[in-house]
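Undergrad: Structure for this input, please:
(chains A and B)
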Amino acid sequence: MAANGSQKETLNSSVPDGPIAEKWTNHKNNSKLINPANKRKYSIIVVGSGLAGGAAAATLSELGYQVKCFCYQDSPRRAHSIAAQGGINAAKNYQNDGDSIYRLFYDTVKGGDFRSREANVHRLAEVSGNIIDQCVAQGVPFAREYGGLLDNRSFGGAQVSRTFYARGQTGQQLLIGAYQALSKEVAKGGVEMHSRTEMMDLVVVDGHAKGIIVRDMVTGEITRHAADTVVLATGGYGNVFFLSTNAMGCNVMAAYRAHKRGAYMANPCYTQIHPTCIPVSGDYQSKLTLMSESLRNDGRIWVPKSAEDAAAIRSGEKTAADIPEEDRDYYLERKYPSFGNLAPRDISSRSAKEVCDEGRGVASTGLGVFLDFRDAIERLGEDTIRARYGNLFQMYEKIQGSNPYKEPMMIYPAVHYTMGGLWVDYNLMSNLPGLHVLGEANFSDHGANRLGASALMQGLADGYFVIPATLPNYLANQEPGSVTTENEAFAEAEKAVTDRIDKLLSIQGERTVDSFHRELGLLVWDKCGMSRDKAGLEEALEKIPKIREEFWKNVRIPGTGEGLNAELEKAGRVADFLEFGELMCRDALNREESCGGHFREEYQFTEKDDAVISGYTNPGEAKRRDEEFSYVAAWEYTGDDSPPNLHKEELIFENVKQSVRSYK
Amino acid sequence: MNLTLKVWRQKHANDRGTIETYDAKSIPVEASFLEMLDIVNEQIVQGGGEPIHFDHDCREGICGMCSLTINGVPHSKEKGITTCQVHMRKFKDGDTIWIEPFRGKAFPVVRDLVVDRSAFDRIVSAGGYISVRTGSAEDANSLPIAKDRADSSFDAAACIGCGACVAACKNASAMLFVGAKAAHLNLLPQGQPEKDKRVLAMVRQMDSEGFGNCTNHYECEAVCPKQISADVISKLNRDYAVASTKEAFK
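TA: Presented below is the predicted three-dimensional model:
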């Protein structure tokens, strides 16, 4: 089987012409409009109620469309956007520190290691300011200065302070804002909300996405829903790794079902490993906990210079305090003096792995580095640090049983976010007409690495400002209500869903769903995690189908399809991860370069490279191959037994020069 | 560590329900409470049984989904945390632990330890928002808000909607939840135009859902994982009194 099937035509991203700073304005001016009296004739399905889905559902309803919104949680307020701690970027330049739309655009393109689409990123930077205005008007209690104006902090990959925050609960406050806007529309009758309802399949009628099949998780009932267009805002696929900072229920099912119905999956190998998480302690563990990147504003990351000292710390013979200043290696400050501890996430994570691979890790497992607030507490006092990070310190102490005011935190990278996702054009529409994809579920804005505080920005930009403007470009050509659930495509999709559930329940094997999920997760973390190589990826591609085969023969799911059945829910999700994981490894194998979160060991700078000799970058840094790989890899499903087809969208950089990313 | 669990099992909303006993063996002391239940569930499934159903999602104390009454106290007797933040190091080898759902008339059991808290969504829908159409907002810094007022609003906005306040209250009152939402919005200048309408609508919805009244026992404040002060209830009462008086003399 070929590594990547056959190659097809280049994808058209529908990016409008004109100078980058005018594209979005021109596009809005040239977009179709639907008059208010006609809007109410159109129905829209929104799957997911996080920042992207919640904001989209609320805004589309305000505009007058009939919206149905679905989420698997018991309330739309619980989507995992809620867990984002640190903040949201916006090019407001309230600090007068030289920020601008261009700089936010530039930082995001560079942070993404020149693998994102320029026009989308510029649009994101353009609407970023409106997001803050919108949220403040909704009553989001952002942090303020004593003068009553909004406060900002710094995040990785930027040299300005453009991050707005609400203590360590920014995602929660923004989501509550979107949830309240959504609740207002539910009351008005514009949104029909379906909680505890999971999308099981996408319905495609004459080549257009026109509905979904869902399962009511309380009753087990399978129902059909038709609409004029379908919007997916179902988040990322980080849980393919089993252990991640994602919520337990986060899954790829909706996106993967859409993929199997014809939507291309783009760049699935771009996964973000967040540098500051609480280290893994044992195999009973169900998830990993993130400590906000904002901690890196004041915390200093280090390990001992010598492996002997590190071993002494691991065995408990020494503590951090026993290591004198001259024997500590503040490795990020050493390697990246101008960004220091605020180097981007991919670089910080890989640096942590490197020092641990050298035997200098400090956690009992060897996989952990110090994040030390000693100097910040000396400089600013404990009270200031408590005001800035109190809830994070408290959370750390609860989980680890150690006091970070007295001893440094121990952190290690963990899977956190996925930049890859369903391919979309400038209108956020998939190659599959009628299917729109927002937020983490699409691929478009973060390239190969996302900067901190940009996920919230993207989710809300897509939901509040982009999709309401671009959706009419599709809808205006559709006859409203032309497809109903009587269409035979619904019957076919519903049967596929019930057959799959029946099959899962009939296996009655020996192993639990979690045991398969854990096995897959360990394998992809090992072979397709922080660093990848050809041999490892090939090994994973050989093993994943075997795990999948055993799953379908030997999984045990108790109970029936009627009523609440958590094991059945997990089984459907894990079954899709078992297919998706293979696609992720295939994409990683195809991409013979290193960029952002995708680090191929074969492609890194060495002492022989000019950029290293000149001192511009360090040996071991990711080495892109722009001539061969400056494209989006969009995979087309061709069948369970045939390899996917690779479609390419060439990335054109007209406004930012592709350069070796240096944070020195 | 080895433990004995006494767990509420109920097949569906109309089932009578009962306490069942389980042995939780060889639980790592570093595990979280929910990871302990994961381990027990894996054993139950392997033994051919049906796992204990409980709500959970983020497992980092912010989504508000997890909702267990542990030894009689919602989210356990430890202060300021959610169920998912309870760690087994707080228990002793050999302990017996009672695990029940968040009970309340307005929170019907769905299955085992899972309850239906959609009444909270309906209360927010009734008025727990500021009506602002997307795209119509003015510049965020055009309206300065004093830091202490913004901070007080934030303190109330920290509510995660878990419902522990209801489960802890002998009247199954939702006053802390409603008070927190009202305070969050009513303390802000943006929340003023709809202030009266908001409290009236939310309180009436709360009553119609079957939640009881507050009789000042402060159990809600004691179990709130975000340590929201019962002062928000006093503020709710004040705001409600003002709004209903205005309504009566309109």
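Undergrad: so which residue of chain B comes closest to chain A?
TA: Nearest to chain A in chain B, going by C-beta to the nearest C-beta, is B:Pro144, at a distance of 2.9 Å. Just so you know, the C-beta spots here come from the backbone N, C-alpha and C atoms, and that holds for glycine as well.
Undergrad: where do the strands sit along the stretch 201-350 of chain A?
TA: Shown for the stretch 201-350 of chain A, the strands assigned by DSSP state E, counting those that start in this stretch span residues A:208-216, A:222-226, A:229-232, A:265-266, A:271-277, A:300-304, A:328-329.
Undergrad: closest one to chain B among the ones you listed?
TA: Set against chain B and scored by C-beta to the nearest C-beta, the strands of the stretch 201-350 of chain A come closest in strand A:271-277, at 10.6 Å.
Undergrad: mean pLDDT lowest for which of the strands of the stretch 201-350 of chain A?
TA: Lowest mean pLDDT of these: strand A:271-277, a mean of 94.
Undergrad: Please dump the strands of the stretch 201-350 of chain A into JSON lines; it should also carry mean neighbour count and distance to chain B for every row.
TA: Output for these, formatted as JSON lines (neighbours: other C-beta atoms under 10 Å in any protein chain shown; distance: least, C-beta to the nearest C-beta, whole Å):
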{"stretch": "strand A:208-216", "mean neighbour count": "24", "distance to chain B": "12"}
{"stretch": "strand A:222-226", "mean neighbour count": "20", "distance to chain B": "18"}
{"stretch": "strand A:229-232", "mean neighbour count": "29", "distance to chain B": "15"}
{"stretch": "strand A:265-266", "mean neighbour count": "27", "distance to chain B": "25"}
{"stretch": "strand A:271-277", "mean neighbour count": "28", "distance to chain B": "11"}
{"stretch": "strand A:300-304", "mean neighbour count": "25", "distance to chain B": "22"}
{"stretch": "strand A:328-329", "mean neighbour count": "19", "distance to chain B": "27"}
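Undergrad: Can you lay out these as TSV showing distance to A:Asn442?
TA: Output for those, formatted as TSV (distance: least, C-beta to C-beta, whole Å):
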stretch	distance to A:Asn442
strand A:208-216	14
strand A:222-226	21
strand A:229-232	8
strand A:265-266	8
strand A:271-277	15
strand A:300-304	32
strand A:328-329	39
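Undergrad: circling back to that earlier point, how many other residues sit next to the residue of chain B closest to chain A?
TA: When neighbours are defined as other C-beta atoms under 10 Å in any protein chain shown, B:Pro144 has 14 of them.
Undergrad: now it: how far from A:Leu149?
TA: Separation of B:Pro144 from A:Leu149 (C-beta to C-beta, to the nearest Å): 6 Å.
Undergrad: do the same with A:Asp201
TA: 49 Å.
Undergrad: Those two - which one has more neighbours?
TA: Comparing A:Asp201 with A:Leu149 by other C-beta under 10 Å, the one with more neighbours is A:Asp201, at 25 against 16.
Undergrad: gap between that one and chain B?
TA: As for A:Asp201, its distance to chain B is 23 Å (criterion: C-beta to the nearest C-beta, to the nearest Å).
Undergrad: Now that that residue has come up, it's in contact with A:Ile213, right?
TA: Yes - in this structure A:Asp201 lies within contact range of A:Ile213 using C-beta atoms under 8 Å: 4.4 Å.
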